[in-house]
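Visitor: Just the structure for this:
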Amino acid sequence: MARYTGPKNRINRKFGEPILGSGKDLDKNSFPPGQHGNSRKRKTQSEYAIQLREKQKAKYTYMVLEKQFRNTYVEAARLKGATGENLMKLLESRFDNTVYRMGFAPTRPAARQLVSHCHMLVNGQPVNIPSYQMKVGDVVELKPKSKANTDITGMARAKAPRINWVDFNEKEFKGTFLMAPERESVPENIKEQLIVELYSK
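Guide: Purely as a prediction, here's the structure:
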């Protein structure tokens, strides 16, 4: 899933939400993908199917493969507090997701590319690991050479007001990871409790 290169709208239609991209075509094709997606009567999903679907949605959203996702869950279960909330905090604290949340890139795949191509610095040091876990107070910025590249700086956008756990200076292309986000602040429509129930079986 981290390397999914197929049609983004197919994934959006599968979940009925803009998981990848803007989802602008959902109004036109909101039914599931496939030859019989618009006419086939689907059976009532089992409890397991609903839980698995929620896990798949989270994996597609944060572009994490199964082994890495399971390791993240194990770490979330080890921490104090609700496992589901810890899982969302760890996913949101990934470096590539933080770059996206700050506004360096318009999408998570674009943010992941910035990180992988070593355009980003953390506390003045180059980091090209998308799964790197951010810590409170970490300062993220573009490399000086990358700041001179208009193709890269042109992707920057204003940080969404609801994203209160990061700060971003659009003029300096520099941001700060202020704190681990609380679940109610994360706008993603993911029912993390279903994922916990799936892994608890």
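
Visitor: Only C-alpha atoms from now on, for both contacts and neighbour counts.
Guide: Will do.

Visitor: quick one: residue 147 and residue 77, what's the gap?
Guide: With the distance defined as Cα to Cα, to the nearest Å, residue 147 ends up 39 Å from residue 77.

Visitor: Then residue 86?
Guide: Taking Cα to Cα as the measure, residue 86 falls 8 Å from residue 77.

Visitor: out of these two, which sits in the busier spot?
Guide: The neighbour comparison of residue 86 against residue 77 (other Cα atoms under 10 Å) goes to residue 86, with 24 against 17.

Visitor: Excluding sequence neighbours, find me the nearest residue to the more buried one.
Guide: Sequence neighbours aside, residue 76 is the residue nearest to residue 86 in space, at 5.0 Å (criterion: Cα to Cα, 6 or more residues apart in numbering).

Visitor: doesn't residue 70 make contact with that neighbour?
Guide: No - contact criterion Cα atoms under 8 Å: residue 76 and residue 70 do not qualify, at 9.7 Å.

Visitor: buried set for stretch 152-165?
Guide: Of the residues in stretch 152-165, 152, 153, 156, 157, 159, 164, 165 count as buried by neighbour count, 16 or more other Cα atoms under 10 Å.

Visitor: Just the pLDDT for the residue most central in space within the chain.
Guide: Residue closest to the mean C-alpha point of the chain, counted by Cα atoms, centre = their mean, is residue 62 at 3.2 Å. According to the model's per-residue confidence, residue 62 sits at a pLDDT of 94.

Visitor: Any chance of the backbone angles for it?
Guide: Reported as degrees, to the nearest 10, the phi and psi values for residue 62 are phi -100, psi 0.
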